[in-house]
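Enquirer: the sequence and its predicted three-dimensional model are supplied below.
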Amino acid sequence: MSLNSAITAAASLQRLDGVAGVMLFKGRHTIHRQMPFSDTRAEELREIISQMLDGYRQVRRKIRQIYLEFDGGVLLAVVQDESVMLFFLTSRADADLAASAASVMLNDHAGILNTTSSDAQPLSRHADGIEELVVTSPRALSQITEKAEPTVNQWGAVRKCVEGVLGKVMGRAQASNLIERTIEEAGISDPYRLTVTDVRKLAASVIEHVPNTSKRRQLLVELDVAMEHLKF
Amino acid sequence: MEPTRIIPISSARTASGAQPSNIVRMEPDPGLIKMESAQGRESVSGGDSESAQRFAGEVKYVGYYADKLVETLGMRRLEIAIVEDREGQTSISAGQQAGNWHGVVSSNRRSIRQVRESLAR
């Protein structure tokens, strides 16, 4: 499979208002790079962000997004597994929209990105040193941003409700592990991006793991009550 | 017109008790954590102990890499950082003095715009 579609999608994100540069990489493999400074500096930047994310991985923190606002610009890294979409934004940019669009892009190309090597690879360039131009259309961007929702759902609050209900039959760590396992089994990369219906389904599917039928029914009723006060 | 200022509800009032229309008094955010350093000593206040510990760790970790990034990007300093993981969100904002930070450790996730607005208060 080719990375061309992922490269085109990453390049199209540069068309978002206020985006000064984009870089898509996985480990030491820079898949697409279009930054407003030299390649050496861009690679230094990739290396620092990679090291930072490696540190989080070592303590088993699954980072989704890092927003760093400096006095002269913003770095926004949207992470999915080992793949990172990095933005260099100006103050004009809508960082939430950029993050959401990157999240959609990474999800859409998760298959090819997961199978791509994270070892350093040469960027596609012609032997004569002329850089390949990635042409994107406004339509490519609109297809991504149509799916991108700048807001996130209430998963954090729903998760608290689930943990509270599960706390009646198991310990906190066990409940937390069960939630994580259910998310992974369902193949959900970001529960915060689910629709209201799917968030409710996810919460119920966690409780469905409780083996005792009568306890499970009781917990499902309690979950409904606990979630009633939430504004979706 | 004077810009709106939000101040803690416990702030001292003027002798006459009158309050300019641009001043809004609000309860302090109970989740707000402050990290201050003075004469090489660091102190963390606010939030519960778990959140305060996590906040301090995050400030140091992000600060370490921000220093490297500042050099690479040719900028001066980090002003705001928001780190999101599966567990929630840690937001950090630089104070007026170097080494002073404030922010929130939250189990919920808010949009970047919402976090920036709340940190600016």
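Expert: That came in fine, so what should we check first?
Enquirer: so B:Glu84: helix, strand or coil?
Expert: Under the three-state scheme (DSSP: H, G, I helix; E, B strand; the rest coil), B:Glu84 adopts strand.
Enquirer: got the contact list for the residue lying closest to it once chain neighbours are set aside?
Expert: Distance criterion CB to CB, 6 or more residues apart in numbering or on different chains; nearest residue to B:Glu84, sequence neighbours excluded, is A:Gln65 at 4.3 Å. The C-beta positions use only the backbone N, C-alpha and C, and glycine is treated the same way. Counting by CB atoms under 8 Å, 6 or more residues apart in numbering or on different chains, A:Gln65 makes contact with A:76-79, A:99, B:82-84.
Enquirer: now do A:Gly21
Expert: Shown in contact with A:Gly21 (CB under 8 Å, 6+ apart): A:14, A:34-37, A:42, A:87-88.
Enquirer: ok, back up a step: could you look up the SS state of the residue nearest to B:Glu84?
Expert: strand.
Enquirer: re earlier: nearest to A:Tyr192, of the contacts of A:Gly21?
Expert: Using CB to CB, A:Phe87 comes nearest to A:Tyr192 of the contacts of A:Gly21, at 18.8 Å.
Enquirer: need the contact list for the closest residue to the closest one other than its chain neighbours.
Expert: Setting aside the residues directly before and after it, A:Phe87 is nearest to A:Leu76 in space (CB to CB, 6+ apart), at 4.3 Å. For A:Leu76, the contact set (CB under 8 Å, 6+ apart) comprises A:65-68, A:86-87, A:89, A:95, A:98-99, A:102.
Enquirer: apply 10 Å and report the result again.
Expert: Residues in contact with A:Leu76 (CB atoms under 10 Å, 6 or more residues apart in numbering or on different chains) are A:19, A:22, A:65-69, A:85-89, A:93, A:95-96, A:98-99, A:102, B:82, B:112.
Enquirer: what's the answer for A:Phe87, then?
Expert: A:Phe87 neighbours (CB under 10 Å, 6+ apart): A:13-14, A:16, A:18-23, A:67, A:73-78, A:93, A:95, A:98-99, A:101-102.
Enquirer: can you name the residues bridging to it?
Expert: Beta bridges link A:Phe87 to A:Val22, A:Leu76, judged by DSSP bridges.
Enquirer: now do the helices in chain A.
Expert: Using DSSP state H, the helices found in chain A span residues A:4-12, A:39-58, A:95-108, A:110-115, A:138-147, A:155-166, A:172-185, A:196-207, A:213-228.
Enquirer: hmm, back to that, what about the residue nearest to B:Glu84, distance to A:Ser117?
Expert: 24 Å (CB to CB, to the nearest Å).
Enquirer: next: B:Val115.
Expert: From B:Val115 over to A:Ser117 (counting by CB to CB), the distance is 35 Å.
Enquirer: give me the more crowded residue out of the two.
Expert: B:Val115 (24 against 10; other CB atoms under 10 Å in any protein chain shown).
Enquirer: so where is the chain shaky, pLDDT-wise?
Expert: Assuming you mean chain A. Along chain A, segments meeting pLDDT under 70 span A:1, A:123-141, A:143-153, A:231-232.
Enquirer: switch to chain B, please.
Expert: Looking at chain B by pLDDT under 70, you get B:1-11, B:13-18, B:24-30.
Enquirer: my guess is A:Leu75 contacts A:Tyr67. True?
Expert: Yes. Shown here, A:Leu75 and A:Tyr67 form a contact pair, counting by CB atoms under 10 Å, at 7.7 Å.
Enquirer: number of nearby residues for the residue nearest to A:Glu44 when sequence neighbours are not counted?
Expert: Distances taken as CB to CB, 6+ apart place B:Thr72 nearest to A:Glu44, at 4.9 Å, with adjacent residues excluded. By other CB under 10 Å, 16 other residues sit near B:Thr72.
Enquirer: now chain A against chain B: closest residue?
Expert: Of all residues in chain A, A:Gly156 sits closest to chain B, at 3.1 Å by CB to the nearest CB.
Enquirer: follow-up on the earlier one: need the contact list for the residue nearest to A:Glu44.
Expert: By CB under 10 Å, 6+ apart, the contact list for B:Thr72 reads A:37, A:40-45, A:47-48.
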